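Engineer: need a structure here:
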Amino acid sequence: MSTSNSKRIVEDEEEEEEFEHFDDFTLASSWERFISEIEAVCRQWLADGPKNLLVKDAVQINHLKDLYKVKSEFKYATRSYCMEYYFAPSNDGKGADWDQTLHDLQLCFGVKEFLVIAPQSASGVVLDAPEASKLLSAVAIALSNCSCLWPAFVPVHDPSRKAYIGIQNMGTVFTRRFEADHIGSQVPIKLMHLEGLYELFVSKFAYTAVDWSMHHFEVHFKLKLTYRTPTYDDEDELQEPDTDVIGSSENIETQTHGKTQWDDDCPWSKWYSAEDLVKGFELLSLWSEITAESSLDMAELENASPLEADKWFLYPCLSENLAISDGSTIGFASQLRLLVKALEMSSEAKFIEDFVSVENSGSENLKSSAVVPPPTVLDRVLKDLFHEVTEAQPDSSLSEHKSSRSIKGAPLESLFAQFCLHALWFGNCSIRAIAVLWIEFVREVRWCWEESQPLPRMPTNGTIDLSTCLINQKLHMLAVCIDKRRREVKGQNVGTNNPLTSPVQEDLQVSMEFSASHGVSEGFGRKHDRNGSSDVAGSMMLLKSHKIMHAPITQDPPLMTEDMHEERLRAAVALGDSFSFSGQLERDILASDMSAFKAANPEAVFEDFIRWHSPKDWENDDSEETGVSQNNAMEVSEIKWPPSGRLSERMSDYGNSWRKIWNEALPLPASQQKPLLDPNREGEKVLHYLETLRPYQLLEQMVCTAFRAAADTLYQTSFGDLKQMTTKIGQLYVTMASTLKFLQSHNTISDSDVIEDLRRLCTTFGHIEKLILLAASLHRKFLQSPHLAEAIFSDCYDYYLPNMGTGSAKGDTKKEFDKKQQVSSRDRNLIIGMFPPPTANQSWRKVLSMGNLLNGHEPILREIIFSKRDHVSGSYYSAPTPNLYQQDIETYRMYVCGTSNDLRVALAVTSFD
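Structural biologist: Numbers count the residues shown, from 1 in each chain. Alright, predicted model coming up:
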């Protein structure tokens, strides 16, 4: 008995232990645990809400600015899945059906927030139909358990088909089911037309036995047609351009050369042909909320003109190179980058000739860049620089930016600036090609000097502009020296200054009246006792002889380049008497002027010269000698003679240097004086400088001049009234001036920071260059509607500026440009002009299969949203508000997108469960 009792007690204890550790049979299978995991994640996302999810780990969709997603991973059996929840930060209101910021599933099915669950595989889709149904059922059960109304989708079939199945619990009665698929080829002819698409949608809710053409079914739909401006290939026949669209060209070439480039008359076209960054336009024509009751209504709409659409939107098709800043696109920026590389290599040799003989150099960098164009190319460049020149343009500053002179380069139309621009494209701007071109350039310059031929593209008068680079100053000096030599050969007065004044006869008439009123002797003004007179000096008269004072012809001040000024300054410092040394040149000029004044006025005294040359040093007791106006000759008689006045204290001091020079000066006209500037000596000095110039000194000046000349060339582009571009160009000049000024302060280019700054400057230059090309292209296409060009450019500018690295924010390069401009009714005719009728070649190559033609062009894409609404009533516990479904709901919705070659259909059906 005891034994049996003990066994019974042990069995009871075992049974109690079994009851304490029971299993939950609702989670007994892996399928149920999978549903539970999905439910837990959905409950967590619901509890967090959009605001908290944004703080946690939500990621913004690249091409959508108002859509974010969070994801979670699961495992079921041997498969791994990823579930993503897409949501917007604000869920107030319903987005537009044609909004470009919508996700593909939002556009197809009209949903806002949704779930997507897919296997973690290479394809990312479920290829097995039973697996897709089971996966969708698991998500639907999990969402129902947590009273969530999110729609859920599963990608199926091949990824290229973009096929989905989905489900949405809308309460206790209604359920929405989704399905989308794509036909990539062999679209049925019936589905190419609106009539067939209408019948396809009606077949989803009407009885199959009904003859749809004999019955009326009220269907609401929206229509969107997308047209793209045509592009021509080499086989297309070119038609006359529409001047209202592309503008008139001042330099129209003969059409025997074939298709012309879009930028043939742009300022940069001499150097390179730029890619048109605006590849074309897409026109979106929208019909909103149209009601059709039969197939005939759809057939009638298919024949309607796009001009009848409610709204038009224009979308530019931009080149992918617009956002690329690696220097791969051809332009000034890419060549300037090569020039900076040549500058970096220029310190590897002491003489320019060393780069020509690359075989004698051990540098691998020199050998790798040993690319020189054939002699024919070199001859063509030299011919353009020295022989095919119309005339120098002294007023080239009119075509320059106001900040251009802050860059120590050369003016755009000058000889050295044109040399630098040619060098950018000569032999891919390699250091050896630059050396070859420079040597030949200096030879041509020497030929002009030895043959006394005018130096092209350089002025032969005026003062040397010390704000330009030294090479340009030297070439200006040489041009002046050549001109003086030519005038010496012709026997003309060299280096004289003969200013144009008022007519001599009128001045003589006034002077004669003045002389007669004061008893001046007859015979005054005769020029037999004068030499080198330019004209009478107004109403001024000599103090002693009372004769009319004549202004002499004087020598021009000697021209000096920047290095000559520095040399004079160094010599003055070395001698210890900088004032007397620096005044030596002024002393020579003053002595020349005094000699010329004495020759023109033989009876003049020192006081007469002071009154003419330095009126501030003559102090009048009264203001009677202020000059006589030709129109006030009657007032001459009121002037007293001789004038009462005296020399200033500075000129009246004992031992004054001016009086000493006056006493020593001989009366010689300027033509008989020793020239202040020796053209032969100065010309040879210029050539010696050019022939012995160090490579890095040449490249430094070339870099500064090339940047300035390239910017000045682009500045001449016509882009309308775009304030953003005006501001950016001004900022570019400021950036170039600051960077290049630092370059010019270095005697060598060994500092790597300088080269790196120049490379960054090339990148910035490339950004601005592309914006200028974009602005020019838009301006030419919208000459008749500049407001459209300004609006489109502003959108592109705001979008690409951060991506180009010239803005303060870092842009997302993966985000696509999706801005579109609405076209007003008055601009529609202009847009139609962008769609010229198809040529003969285009007509037979394209089979028109769709309607709604625009000037003979069918849409490249047609999108339709069909919908049918029904009135229902009821209360549903899972609805956010009790009255949410006390109105019409969309029971059927079909989105159709495609052309004659492909078709995509997405269907959403609401059913009663």
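
Engineer: quick one, helices of the stretch 801-913 of the chain?
Structural biologist: Per DSSP state H, counting those that start in this stretch, the stretch 801-913 of the chain carries helices over the ranges 828-832, 840-845.

Engineer: typed the wrong thing, it's the stretch 401-550 of the chain
Structural biologist: Under DSSP H, counting those that start in this stretch, the stretch 401-550 of the chain gives helices at 415-425, 431-450, 470-490, 504-517.

Engineer: hey, which of those helices is tucked in deepest?
Structural biologist: Comparing the helices of the stretch 401-550 of the chain by mean neighbour count (mean count of other Cβ atoms under 10 Å), helix 415-425 ranks first with a mean of 23. Quick note: C-beta positions are derived from backbone N, CA and C, even for glycine.

Engineer: tell me what that one is packed against?
Structural biologist: On a contact count with 3 or more Cβ pairs under 8 Å, 6 or more residues apart in numbering; DSSP states H and E, helix 415-425 meets helix 332-345, helix 375-386, helix 431-450, helix 470-490, helix 695-715.

Engineer: looking at those, which is nearest to residue 404?
Structural biologist: With Cβ to Cβ as the criterion, residue 404 lies closest to helix 695-715 of the helices and strands packed on helix 415-425, at 5.7 Å.

Engineer: center of the protein, which residue is that?
Structural biologist: In the chain, the centroid-proximal residue (Cα atoms, centre = their mean) is residue 771; its distance is 1.6 Å.

Engineer: hmm, it is touching residue 729, no?
Structural biologist: No. Judged on Cβ atoms under 8 Å, residue 771 makes no contact with residue 729 at a distance of 9.0 Å.

Engineer: by mean pLDDT, show me the worst of the helices of the stretch 801-913 of the chain.
Structural biologist: Mean pLDDT per stretch puts helix 840-845 lowest among the helices of the stretch 801-913 of the chain, at a mean of 58.

Engineer: for residue 759, phi and psi?
Structural biologist: Per-residue torsions, residue 759: phi -70, psi -40 (degrees, to the nearest 10).

Engineer: distance of it relative to residue 113?
Structural biologist: Distance, residue 759 to residue 113, using Cβ to Cβ, to the nearest Å: 47 Å.

Engineer: list the contacts of residue 461.
Structural biologist: Listed by Cβ atoms under 8 Å, 6 or more residues apart in numbering, the contact partners of residue 461 are 480, 483.

Engineer: just for the stretch 301-450 of the chain, where's the confidence low?
Structural biologist: Within the stretch 301-450 of the chain, the ranges that satisfy pLDDT under 70 run 327, 358-370, 390-398.

Engineer: the same query, at a cut-off of 50, please.
Structural biologist: Residue ranges of the stretch 301-450 of the chain with pLDDT under 50: 362, 392, 394.

Engineer: same check, this time on the stretch 101-250 of the chain
Structural biologist: 233-250.

Engineer: secondary structure element for the closest residue to residue 817 other than its chain neighbours, which one?
Structural biologist: Closest residue in space to residue 817, ignoring its immediate chain neighbours: residue 799 at 5.2 Å, by Cβ to Cβ, 6 or more residues apart in numbering. Using DSSP states H and E, residue 799 sits within helix 786-803.

Engineer: can I get that helix in CSV, CA atoms only?
Structural biologist: The C-alpha coordinates for helix 786-803 follow below in CSV (Å, rounded to 0.1, in the frame of the first residue of the first chain):
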residue,chain,number,x,y,z
PRO,A,786,11.4,85.9,-71.3
HIS,A,787,9.4,85.3,-68.2
LEU,A,788,9.3,81.6,-68.9
ALA,A,789,13.0,81.5,-69.4
GLU,A,790,13.5,83.4,-66.1
ALA,A,791,11.1,81.1,-64.2
ILE,A,792,12.7,77.9,-65.6
PHE,A,793,16.2,79.1,-64.9
SER,A,794,15.3,80.1,-61.4
ASP,A,795,14.1,76.6,-60.7
CYS,A,796,17.2,75.1,-62.2
TYR,A,797,19.4,77.6,-60.4
ASP,A,798,17.9,76.8,-57.0
TYR,A,799,18.1,73.1,-57.6
TYR,A,800,21.6,72.7,-59.0
LEU,A,801,23.4,75.4,-57.0
PRO,A,802,23.8,73.3,-53.9
ASN,A,803,24.8,70.3,-56.0
